[in-house]
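In: Provided below for reference: sequence and predicted model.
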Amino acid sequence: MEEIICYTVRLPEGEEQKVSFLELLLDERWAEGRMEYPPTCFVRAGDINRKLTAKRTYEFLLRAIRIYPMRAIGVASSAGDREDCSKAADWENYRTDVYVAARYQKELLSSGYFDMVMENLLTTASRLPEPQAALAWLEKMISHDGEYYEIEDDTAPILVYRQADVCYNTLNQFADELVKALQKSRQIVEVFDLEKEGHQALDRYIGRRFKAVIGMQTYAFSIMMGDGRTNLHDLITGPKYNVIFDHPVMMKKHMEHGPQCYYMLSHDRNYLAFAKRYYKRIKDCIYFPPAGMLLQETAVSSWSTSRPFDVSFIGSYINYRGLLPELYAYAPSFRFLAAHAMRRMRRCPNETAEEALAHILEERGLKLKEDEFLNLFFQMRYTFICIMSYYREKIVRALLDAGIELQVYGDSWNYAPFAQHPCLKRHTQVNIRESLQIMRQSKISLNVMSWHKDGLTERLLNSMLCKSVVLSDSSRRLKEEFTDQEDLILFDLQELNGLPGRVKRFLEDHERLQRIAENGYHKAVNKHLWTNRAEQFLRMNERHRRLS
């Protein structure tokens, strides 16, 4: 049975005693001495409360003992390893005592000890250098005002949403990896599965307080109550974070109907700028890319010529030709703009989609208000998917037609016009963990940005962590984060004619590929794991909690 063990000098050596929650609450001396905690203790009880400056172990034990039984074992005085709280200022000790009494006042009332504890605190307050300030602190804590919740929320749980199995379950994989990383940082995490439980079950969180609420490109933050005016998440306390991976115009409805304390996180800084400009309800937009995954079962082998695949691509195929009929169904004026937007993006593939649309509107002397531009951009979203798919196909065809074998995965490639190309090696669909094994077997892993002109993606980082050399179209963020031809290989969408020749030359230069693979791995493993993202998130969330 999992339990907390306290080695204490309060008992004769070798004697044992069970300690109840109430005994610990009334006598903090049970928190003195060496402690042994169950392995899952910090996952379930959280970390020490960093808003307190005294008696942190005592406050932590009060949370932990409500989950695990506690047993005290007597030891000789020299081995007790007593925690000395006397070094803390009297005010800091008092501050914690008052907070503890406020947090557990229901338990004190039901057990009949509340008045006794209050009398002791009042006596202590009268002996402090500033008794009036001490009494004011007592009133604030007992009434649970804002300063009380500033302390309590430091150990509040984080709520994370899972959702439908879309995009090969990538979004849920991101959520799961972030949950594990947050738990390693001693955060209490509650996971709610929207697909399994349904959004009606979210009602149980109304009135709850969370350190943060996180969703991966989720619709949950736009759920309204029955009155049609109140956002459900305005009834749940804590900052809300929607981590967006597609262009935010795709989430237009959900962004426009979000809660009050609502933040957007994204891997592309262009997306952040767009959301800041067009979605006024969002409190802030923060750069927060996904991280890479390390397979823990086996060590990553070094890059070598024995890897069976020259180039692999873990990505689906979308036939842009199938999207064109949807555009043809619109009015002639819209079709005209859509055609010009696609032509602009094909000629200038380094522009963002919104830059391309703004350019063709300017060419025609059309001036739109911000809401009009946003609505038009939303209507034209399939135009941009067409161009993304067009360039993905163009890159793949360039490699295949040059005789470079490309390993691809999933049924979507069976519908490509070039599905029978002798250099296209089609395989069954793989999940994320299986894709990592593919990358480990690949000398080069192809990455094609979905028009992320200032972004960083998980597929690229996963490849690096598998010591597979990344071959990717460029983005501003990639150029800042990594060095071309030292950490990865970048190419320009405007210079695809030379791409196959470059790939062939790299495949022939084994030493260079091995060096690039090692460099990329070390940068990714030092800066781009989910543990890094969890630390970044907690720092960011702390700033937002202070501001609110």
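Out: Nice, thanks for sending it over.

In: what are the bridge partners for E36, then?
Out: Taking DSSP bridges as the rule, E36 bridges to I5.

In: and it, how far is that from A72?
Out: E36 sits 11 Å away from A72, taking CB to CB, to the nearest Å as the criterion. Heads up, the C-betas are built off the backbone N, CA and C, glycines and all.

In: now for these two: what residues contact both?
Out: Shared between the contact lists of E36 and A72 (criterion: CB atoms under 8 Å, 6 or more residues apart in numbering) are residues 5, 7.

In: name the residue in the two with the higher neighbour count.
Out: It is A72, of E36 and A72, that has more neighbours when counted by other CB atoms under 10 Å, with 21 against 12.

In: wouldn't that one be in contact with R10 here?
Out: Yes - using CB atoms under 8 Å, A72 makes contact with R10 at a distance of 7.1 Å.

In: any common contacting residues for those two?
Out: Common contact partners of A72 and R10 (CB under 8 Å, 6+ apart): W30.

In: would you mind splitting the chain into its domains for me?
Out: The domain map for the chain lists 4-153, 156-291+532-547, with the assignment taken from automatic domain parsing.

In: list the contacts of stretch 91-104.
Out: Applying CB under 8 Å, 6+ apart, the set of residues contacting stretch 91-104 from outside is 25, 52-56, 58-59, 62, 85, 108, 117-118, 121, 124-125, 128-129, 134, 137-138, 141-142, 144, 148, 151-152.

In: quick one: buried residues of it?
Out: Using 16 or more other CB atoms under 10 Å as the burial criterion, the residues of stretch 91-104 that qualify are 91, 93-104.

In: can you give me the mean pLDDT across it?
Out: Per-residue confidence for stretch 91-104 averages out to 98 on the pLDDT scale.

In: for stretch 309-319, same thing?
Out: Computed over stretch 309-319, the mean pLDDT rounds to 96.

In: off-centre distance for stretch 242-262?
Out: Taking CA atoms, centre = their mean, to the nearest Å, one finds stretch 242-262 lying 15 Å from the centre of the chain it belongs to.

In: would you work out how far apart the start and end of that stretch are?
Out: Here the two ends of stretch 242-262 are set 8 Å apart, with distance taken as CA to CA, to the nearest Å.

In: am I right that N231 is in contact with P259?
Out: Yes - counting by CB under 8 Å, N231 sits close enough to P259 to count as a contact (4.4 Å).

In: any shared contact partners between these two?
Out: With contacts taken as CB under 8 Å, 6+ apart, N231 and P259 have F221 as neighbours in common.

In: where does the stretch 101-250 of the chain have low pLDDT?
Out: Applying pLDDT under 70 to the stretch 101-250 of the chain flags no residue at all.

In: got the phi and psi for G215?
Out: phi -130, psi 150 (degrees, to the nearest 10).

In: can you show me the strands along the stretch 51-200 of the chain?
Out: Remark: strands of the stretch 51-200 of the chain, listed N- to C-terminal, are 70-74, 158-162, 189-193; assignment by DSSP state E, counting those that start in this stretch.

In: neighbouring strands of the second one in the sheet, and parallel or not?
Out: When you say that, I think you mean strand 158-162. Applying DSSP bridges, strand 158-162 is found paired with strand 189-193 (parallel), strand 212-216 (parallel).

In: show residues contacting the first one.
Out: If I follow you right, that is strand 189-193. Outside strand 189-193, the residues that touch it by CB under 8 Å, 6+ apart are 43, 157-163, 175, 179, 182-183, 201-202, 205, 210.

In: just the buried residues of that strand, please?
Out: Within strand 189-193, the residues that count as buried by 16+ other CB under 10 Å are 189, 192.

In: determine the longest helix present in the chain.
Out: Across the chain, the helix with the greatest residue count (assigned by DSSP state H) is helix 381-401.

In: who does that one touch, helix- and strand-wise?
Out: Using 3 or more CB pairs under 8 Å, 6 or more residues apart in numbering; DSSP states H and E, the elements in contact with helix 381-401 are helix 324-328, helix 332-347, strand 406-409, helix 499-508.

In: now the second one: mean pLDDT?
Out: Helix 332-347 shows a mean pLDDT of 91 in the predicted model.

In: buried residues in it?
Out: Buried residues in helix 332-347, counting neighbours by 16+ other CB under 10 Å, are found at 337-338, 340-342, 344-345.

In: and D165, how far from M439?
Out: For D165, the distance to M439 under the criterion CB to CB works out to 22 Å.

In: tell me which of the two has more neighbours.
Out: For the pair D165 and M439, the greater number of neighbours falls to M439 (24 against 11), based on other CB under 10 Å.

In: next, the buried residues of stretch 302-313.
Out: Of all the residues in stretch 302-313, those buried under the rule 16+ other CB under 10 Å are 303, 307, 309-313.

In: are any of the contacts of stretch 91-104 buried, and which?
Out: Neighbour-count burial (16+ other CB under 10 Å) applied to those gives 25, 52, 54-56, 58-59, 62, 85, 108, 117-118, 121, 124-125, 128, 134, 137-138, 141-142, 148, 151-152.

In: ok, back up a step: biggest separation within the buried residues of stretch 302-313, which pair?
Out: W303 and F313 (17.8 Å; CB to CB).

In: quick one: contacts for K196?
Out: K196 neighbours (CB under 8 Å, 6+ apart): R162.

In: run through who's touching stretch 35-43.
Out: Around stretch 35-43, the neighbours that count as contacts under CB under 8 Å, 6+ apart are 2-7, 57, 61, 64, 67-68, 183, 186, 188-189.

In: which two of those have the greatest separation?
Out: Maximum distance among the contacts of stretch 35-43 (CB to CB): 30.3 Å, for Y7 and V189.

In: hang on, the earlier thing: and which of the contacts of stretch 35-43 is nearest to M464?
Out: Checking those against M464 with CB to CB, the nearest one is Q183 at 24.7 Å.

In: any idea how far the closest residue to K140 other than its chain neighbours is from I73?
Out: Nearest non-adjacent residue to K140, counting by CB to CB, 6 or more residues apart in numbering: E147, 5.2 Å away. Noted for E147: a distance of 38 Å to I73, by CB to CB.

In: okay, those two: which has more neighbours?
Out: Higher neighbour count among E147 and I73: I73, with 17 against 14, using other CB under 10 Å.

In: tell me the bridge partners for M264.
Out: Counting by DSSP bridges, M264 forms beta bridges with N242, C285.

In: what residues are up against it?
Out: Applying CB under 8 Å, 6+ apart, the residues contacting M264 are 241-242, 244, 248, 255, 272, 275, 279, 282, 284-286.

In: what count of nearby residues applies to the closest residue to P417 other than its chain neighbours?
Out: Using CB to CB, 6+ apart and skipping residues adjacent in sequence, the residue nearest P417 is N319, 7.5 Å away. Here the count is done by other CB under 10 Å, and N319 has 15 residues near it.

In: that older thread, will you turn the domains of the chain into CSV that also has distance to N414?
Out: Written out in CSV, the entries for the domains of the chain read as follows (distance: least, CB to CB, whole Å):
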stretch, distance to N414
domain 4-153, 44
domain 156-291+532-547, 16
